[in-house]
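Chemist: just to be clear, the model below is a prediction. Sequence and coordinates:
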Amino acid sequence: MKFQTCDPHLIPLKLLLEADPSLEHIEGYRSQCWAMVGVREQEPIAACLILPKHRHTAEIMNLAVQEDYRRQGIGSRLLRYSLSLLKKKGIRKVALGTGSFGYQLGFYHRLGFRVQECWRNHFIDHYREPIYEGGIQHKDMLRLALDLSLWEGGDSDPAQQPEGI
Ligand SMILES: CC(C)(COP(=O)(O)OP(=O)(O)OC[C@H]1O[C@@H](n2cnc3c(N)ncnc32)[C@H](O)[C@@H]1OP(=O)(O)O)[C@@H](O)C(=O)NCCC(=O)NCCS
């Protein structure tokens, strides 16, 4: 497993759609994003798209690991790799939007993200099709953020860590 930056257009759409079911949204942000991938046997099996917002802030627009590679630490390693690159670029605050329930909340909190706001009805108002997870409809978006100036996970380079797989 190797972590590296890449052209966002080289990431398979199928992978990006795992994190954001709207092709329209993906096409809207993809070309303006920095892209980081986890590559195995020359295939990207994990991807992270990050949109620079202002001089010191950025937003994670998409983070996905191919289904058969999940729960092996790859998403955490890719995110830590991406955050360490952002820190080197001078980014101080990283934001993201996610559903108000689901395992993703635990995933981001473990990496230090905290809840900032709740955008009620976001998934109803901004997506053509309803989004369900475990039979429950996603309605509200939680806005999470990480203060990178306090983040210590960037001291080591996760791209160089011993390989789990
Ligand atoms: C979210 C995602 C990127 C996480 O990637 P991953 O490689 O599976 O995550 P990791 O293996 O690094 O998980 C780290 C921790 O997060 C939590 N976690 C991750 N997936 C979980 C799950 N399905 N259920 C419960 N906890 C989970 C656990 O605490 C896990 O640690 P543990 O395995 O030691 O218990 C991946 O599940 C994914 O691509 N999901 C679909 C797309 C998506 O929802 N993207 C986020 C949009 S906001």
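Modeler: Arrived safely.
Chemist: who's the residue nearest in space to the middle of the chain bridged to?
Modeler: The chain has L63 as the residue nearest its centroid, 3.0 Å off, counting by CA atoms, centre = their mean. Note on L63: beta-bridge partners by DSSP bridges are C48.
Chemist: which ones are touching it?
Modeler: By CB atoms under 8 Å, 6 or more residues apart in numbering, the contact set of L63 is A19, A47, C48, L49, G75, L78, L79, L96. Where C-beta positions appear, they are placed from N, C-alpha and C, glycine not excepted.
Chemist: what's the host helix or strand of L51 packed up against?
Modeler: Secondary structure from DSSP states H and E places L51 in strand 43-54. For strand 43-54, the packing partners by 3 or more CB pairs under 8 Å, 6 or more residues apart in numbering; DSSP states H and E come out as helix 13-19, strand 34-40, strand 57-65, helix 74-88.
Chemist: repeat the analysis, applying 6 Å as the threshold.
Modeler: With contacts taken as 3 or more CB pairs under 6 Å, 6 or more residues apart in numbering; DSSP states H and E, strand 43-54 sits against strand 34-40, strand 57-65, helix 74-88.
Chemist: the shortest one vs helix 74-88, what angle?
Modeler: For strand 34-40 against helix 74-88, the angle by axes from the mean of the first three to the mean of the last three CA atoms, to 10 degrees is 140 degrees.
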